[in-house]
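My questions concern the predicted model and sequence given below.
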Protein chains: 4
Amino acid sequence: MRIERDKAEILGGVRFGRTMGGPVAMTIANLDWENWREAMAVEPAPKKAAVSRLRKVTHPRPGHADLAGALKYLTYDAREVLERASARETAARVAAGALCKGFLEPFGIEVLSHVIAAGGVWLRSEVAWRRIVALPDSSPLRCVDERLQRRMIATIDTARRRGDSVGGCFEVVARGVPPGLGSMSQQDRRLDGRLAGALVTVPAVKAAEIGEGVRGVSIRGSDFHDEIFYDRRTRRFFRRTNRAGGLEGGISNGAEIRVRGYLKPLSTLSRPLRTVDLLTKRPARAQVERTDVTPILAAGIVGEAVVALVLADAVVEKFGGDSLRETLRNHHSYLAALRRY
Amino acid sequence: MRIERDKAEILGGVRFGRTMGGPVAMTIANLDWENWREAMAVEPAPKKAAVSRLRKVTHPRPGHADLAGALKYLTYDAREVLERASARETAARVAAGALCKGFLEPFGIEVLSHVIAAGGVWLRSEVAWRRIVALPDSSPLRCVDERLQRRMIATIDTARRRGDSVGGCFEVVARGVPPGLGSMSQQDRRLDGRLAGALVTVPAVKAAEIGEGVRGVSIRGSDFHDEIFYDRRTRRFFRRTNRAGGLEGGISNGAEIRVRGYLKPLSTLSRPLRTVDLLTKRPARAQVERTDVTPILAAGIVGEAVVALVLADAVVEKFGGDSLRETLRNHHSYLAALRRY
Amino acid sequence: MRIERDKAEILGGVRFGRTMGGPVAMTIANLDWENWREAMAVEPAPKKAAVSRLRKVTHPRPGHADLAGALKYLTYDAREVLERASARETAARVAAGALCKGFLEPFGIEVLSHVIAAGGVWLRSEVAWRRIVALPDSSPLRCVDERLQRRMIATIDTARRRGDSVGGCFEVVARGVPPGLGSMSQQDRRLDGRLAGALVTVPAVKAAEIGEGVRGVSIRGSDFHDEIFYDRRTRRFFRRTNRAGGLEGGISNGAEIRVRGYLKPLSTLSRPLRTVDLLTKRPARAQVERTDVTPILAAGIVGEAVVALVLADAVVEKFGGDSLRETLRNHHSYLAALRRY
Amino acid sequence: MRIERDKAEILGGVRFGRTMGGPVAMTIANLDWENWREAMAVEPAPKKAAVSRLRKVTHPRPGHADLAGALKYLTYDAREVLERASARETAARVAAGALCKGFLEPFGIEVLSHVIAAGGVWLRSEVAWRRIVALPDSSPLRCVDERLQRRMIATIDTARRRGDSVGGCFEVVARGVPPGLGSMSQQDRRLDGRLAGALVTVPAVKAAEIGEGVRGVSIRGSDFHDEIFYDRRTRRFFRRTNRAGGLEGGISNGAEIRVRGYLKPLSTLSRPLRTVDLLTKRPARAQVERTDVTPILAAGIVGEAVVALVLADAVVEKFGGDSLRETLRNHHSYLAALRRY
């Protein structure tokens, strides 16, 4: 989960610091590759290889792709599944997301994440953008409320001592998104579905929420909706609340986009989970590969990346263009048209 | 929201009760069309048409696509947006979903929904498949717990009397899904993301959950995961719990797929929402077009449909084939291979 | 092949003569439906239906999808394949193409077709746009050279008298296409591949050519390429020749796009083709369903439609936008930028 | 064009010689990279870099993407376009195609190419599969007729001496393709369109032909179609001719798939083409970057690759499956069903 230490190297598609219209290729070297050279070799395994060195995984871990993937791809070594399902795959998405963030920046669109829950400790109030921006790189959990963050950490520490783990929740906020991305016209064009779908693909995320979507179940309608106002000076429609998370009818409405990912707790050490040996079908104990108590911090970063990917896609869809200058020009004239509306 | 009264007519793609490999075309007549013939005419409006008869909507409703869509598509009549964003569009998905359910049936895959929350009243316990199947057509809310259902209805009635509205939550359950649909290998192939994304496109749904995804945030890892067992008689892996909702690493694991949609409350009559006139930009009150207190029942039916669409897609992806017989044959030999695994 | 008599009825997506951002649904009634009501019924066939009235096709016709489709879709009645593979399916594409032509018109993009070969008679010289535009609706073959057209018709008549058939070639010309549609960056973005691929899907078309692609095999390089010039007055690059058919490196270059479809001759009456009965596997004679000597005229019209579909797609890709006004504005500012280049 | 010397290195997706279900990543090192390190640097160019070392291309070459791409992507250095449009991009497709060929082999599907025209010299007769297989690696043009090949080479040599260039034509043959790949049901599922579209994306290819598609224009229908026979011993339908190139109605019919790509001649040295300087807009002479007289040999190899990619895609579509064993099992039971048909 040490994504922040990885470095992506650009192999193609960029010249003199600018993309050229073709695909951008990047690699992120696996810093631990030396230790895996034998177990993950591209070449056929030597006939007499010590089995132990192939690092087979025959005790599939509950809560991971291990068993379902082994059955799907017809392998008796879940290693072939879990290496692709692992957090390392998300490094590629973070790299691509960084590219998208760079693309979105000149449009005034920024994407950030922060943590709002860990181990049952919740930050319930809405968090202003400036507080998220102000989070220092050194923030241990990227939670804006220091007192709550200490309680979150305490809960995590307790779980760690007990060999247990906890879940969490992160929020991704995108600022500067113009109204009109996505569409109500077809299921696959709705921006809410594309964002929620993307969030749930982040490992360990089992639920996605737009705005106050979960709490909305228990709120009365008279208290939920974001009323519409108009500012004659800036010639813009605006809202005073944002329970909709910036999305109405599958379309961005000009408010900040706020979406959340809910993480399940990872497998634990305290009570090694019961599983079955893939070969003998006998009861076994699942190996615990990871010792992180919660991947909430990394998951938020991956969440930012997938949101940036969806938004970059939606921006290109809406504004077209084959150079940053052209896409920006179209964006600019759309905003001008909105002011004349 | 009277979807159940609509009838889909098949225009093409079916002969003698069987599909033929080409697209199936269906129409659902709008039973209320006569009243809209003038306001929604395909032909250019007569120059001297009484404006009132064009049924323009210039006071966009908060919580709907009205304003964002009017800006996006550059129209001063939100009618052009809301008619497409309306629940009528979902009728087409329900019709297509019915076709998919018919396709899934010979594979032993069944999809049903039930309601687990309305207006803050929650059914917290896991609901067995047989209880959902047993729900009578006359069930007012499709909630399996009669006592809770009465409380839900009471809450809805109270809200109605106050001119208010409530949210809700439905669960879609798919039984008989084989392990191995979807894939951990790429973001867009993960079945969890495809299901969550589809659910959030159902109107009023603002959050989607896989299994116990929301509660997972507050559960310790030692209590969350579904341990793996093996039944030597049926030669199948199985679980005794299903907190993962039948999906691990983006792949179906053979357990029931359980996903949930969270609905916000609709706009209300009691406190007409503040909005802005699209032409004058003056403050206005949003028209309330609908008087349903909650669309939870219909949303569950649409939820079933979108889940059936995603699963049918995943079945064709996994088993290929160009006739039901061929696809079933491939499915059958896959299941046989799983037993030999 | 009497496509020109069909009328498409718009069912949805258009209001007061304008599209609204959602899908446009159209139906084209089958004027001959009464005669097929029993043989193509959606409902299960009555158990005691006279087999003769089901109009089964058990003698698959060489040169059509009949046999390959019957094997693929596992049916013993090739009727289920040939009705979808028939020219009627192309009526839907012509209707959609007409919509696209209407969309392209305000961009100054026009798409027309004309016939350049029938039955071995070739019009070899390049045909100027104005001559194609000038073709009267009454033109029997849409060939601009009246003398050659008479020879083509004579050849067709001779073939008809002998119960034989002939092939042909049509050219589709698109004028006003700006430089920069499509891309060299990836196989699936190249406009040449998308156009050639679309043309070959027109029934009976077995080859597609961009510009002088076929003749290019036998021309020396020193005579083939379209040299580049610049007009300081209009501030535009231009060419004096157009052997490339307006496409270089998979990108439109601003010249007229010229693509051609080569048609095989249809099955004939004079020598009923040998085939095999699907049930008995005994030798049989293929039924001849159609008596057109050549579908070259209709194929050209379908060719226009598929080209218009590809170009409309490429225009939306390049210029984005959610209303005609927005897309046009982006187009306009791109053209202005080209003049400033 | 020395594709055969390049080596692809597999970076991921393969373990112990087998793919694992995830994407396969490969790199092909640019052996000439050292000479381009400065001109194609990813990093921003040093402010004081000698312009000459940046290898800018400001005289766009007719017949290439240079000008259209420079306008599209808004650059004054066509180098940024031509490097992506160059034959090097096809090396990636050849590598991916090799993977597909390896996948297709256990299905009994083989894909090969041979040259049938160069510089106006044509091999007119149909070439049997065994003659293509027998072509030695040392074959200078991969033409099976040695006498014609000598004439082709003579023509090429003459052109080279004159500083001129010639076009050519290659044929790709796929053997062992089962009937039923592709579909007549929708434009984008037709295998003929997908193959023709792919072929035209091979650089310099300006036309694509299925079977005898070009000659079909001039043949009478009574001589064109491939009659259908049945072999009771092998229980298979078969043809004695293959003018359709193995595709009827957009579906493979079980015969060899035969498709052709027509190449234009490349730019020449003898008469440097007239062009315009991108900056000054003054007349200029196009630089000639390449000295190959014809890329016909390499184009055929790329043609094989794109055909293999399309066929692998169609095989997965038809047979589904997540492991070679599963896909093969489905393939096998389909073939058995065809024998029982």
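Structure's in. What do you need? Numbering: from 1, shown residues only, chains lettered A, B, ... in the order given.

how about the strands in the stretch 151-300 of chain A?
Taking DSSP state E, counting those that start in this stretch, the strands of the stretch 151-300 of chain A run over residues A:168-175, A:205-210, A:228-231, A:236-239, A:247-248, A:251-252, A:257-263, A:274-276, A:283-285.

Tell me which of the ones you listed sits nearest to B:Arg236.
Comparing those by their distance to B:Arg236 (Cβ to Cβ), the top pick is strand A:274-276, with 10.6 Å. All C-beta atoms are positioned from the backbone trio N, CA, C, and that covers glycine.

returning to what we had before: so which of the strands of the stretch 151-300 of chain A gets nearest chain C?
Evaluated with Cβ to the nearest Cβ, the strands of the stretch 151-300 of chain A place strand A:251-252 nearest to chain C, the distance being 9.9 Å.

one step back: okay, the strands of the stretch 151-300 of chain A in CSV with mean neighbour count, distance to chain C and mean pLDDT next?
Below are those laid out as CSV (neighbours: other Cβ atoms under 10 Å in any protein chain shown; distance: least, Cβ to the nearest Cβ, whole Å; pLDDT from 0 to 100):
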stretch, mean neighbour count, distance to chain C, mean pLDDT
strand A:168-175, 26, 19, 98
strand A:205-210, 31, 21, 98
strand A:228-231, 17, 20, 98
strand A:236-239, 18, 17, 97
strand A:247-248, 30, 15, 98
strand A:251-252, 30, 10, 98
strand A:257-263, 28, 18, 98
strand A:274-276, 21, 39, 96
strand A:283-285, 15, 44, 96
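
could you dump the ones you listed to TSV with distance to chain B?
Output for those, formatted as TSV (distance: least, Cβ to the nearest Cβ, whole Å):
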stretch	distance to chain B
strand A:168-175	5
strand A:205-210	3
strand A:228-231	4
strand A:236-239	6
strand A:247-248	5
strand A:251-252	4
strand A:257-263	5
strand A:274-276	4
strand A:283-285	8
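
can you tell which of those is closest to C:Ala336?
Nearest of those to C:Ala336, taken as Cβ to Cβ: strand A:236-239 at 27.1 Å.

Please go through chain A and pick out the longest helix.
Ranked by number of residues, the top helix in chain A under DSSP state H is helix A:296-319.

which parts of chain A sit against chain C?
For chain A, the residues in contact with chain C (Cβ under 8 Å from any Cβ of the partner chain) are A:21-23, A:180, A:183, A:185-186, A:316-322, A:325-327, A:329-330, A:333-334, A:337.

Tell me which residue is most central in chain A.
Against the mean C-alpha coordinate of chain A, by Cα atoms, centre = their mean, the closest residue is A:Gly303 at 1.8 Å.

The longest helix of chain A near chain B anywhere?
Yes. Using Cβ under 8 Å from any Cβ, we find that helix A:296-319 touches chain B at A:Val306.

Can you mark which positions in that helix are buried?
Buried residues in helix A:296-319, defined by neighbour count with 16 or more other Cβ atoms under 10 Å in any protein chain shown: A:296-312, A:314-315, A:317-319.

quick revisit: format the strands of the stretch 151-300 of chain A as JSON lines; extra columns: distance to C:Arg190.
Compiled in JSON lines, the strands of the stretch 151-300 of chain A are given as follows (distance: least, Cβ to Cβ, whole Å):
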{"stretch": "strand A:168-175", "distance to C:Arg190": "33"}
{"stretch": "strand A:205-210", "distance to C:Arg190": "36"}
{"stretch": "strand A:228-231", "distance to C:Arg190": "45"}
{"stretch": "strand A:236-239", "distance to C:Arg190": "41"}
{"stretch": "strand A:247-248", "distance to C:Arg190": "35"}
{"stretch": "strand A:251-252", "distance to C:Arg190": "32"}
{"stretch": "strand A:257-263", "distance to C:Arg190": "34"}
{"stretch": "strand A:274-276", "distance to C:Arg190": "49"}
{"stretch": "strand A:283-285", "distance to C:Arg190": "53"}
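
Next, A:Val121: phi, psi?
Main-chain dihedrals, A:Val121, degrees, to the nearest 10: phi -90, psi 120.

nope, A:Pro265 is what I meant
Torsion angles at A:Pro265 (phi, psi; degrees, to the nearest 10) stand at phi -70, psi 150.

which stretch among the strands of the stretch 151-300 of chain A comes nearest B:Arg274?
Evaluated over the strands of the stretch 151-300 of chain A, closeness to B:Arg274 peaks at strand A:228-231, with 6.8 Å, by Cβ to Cβ.

What helices and strands are in contact with the closest one?
Secondary-structure packing of strand A:228-231 (3 or more Cβ pairs under 8 Å, 6 or more residues apart in numbering or on different chains; DSSP states H and E): strand A:236-239, strand B:274-276.

Thank you kindly, that will do.
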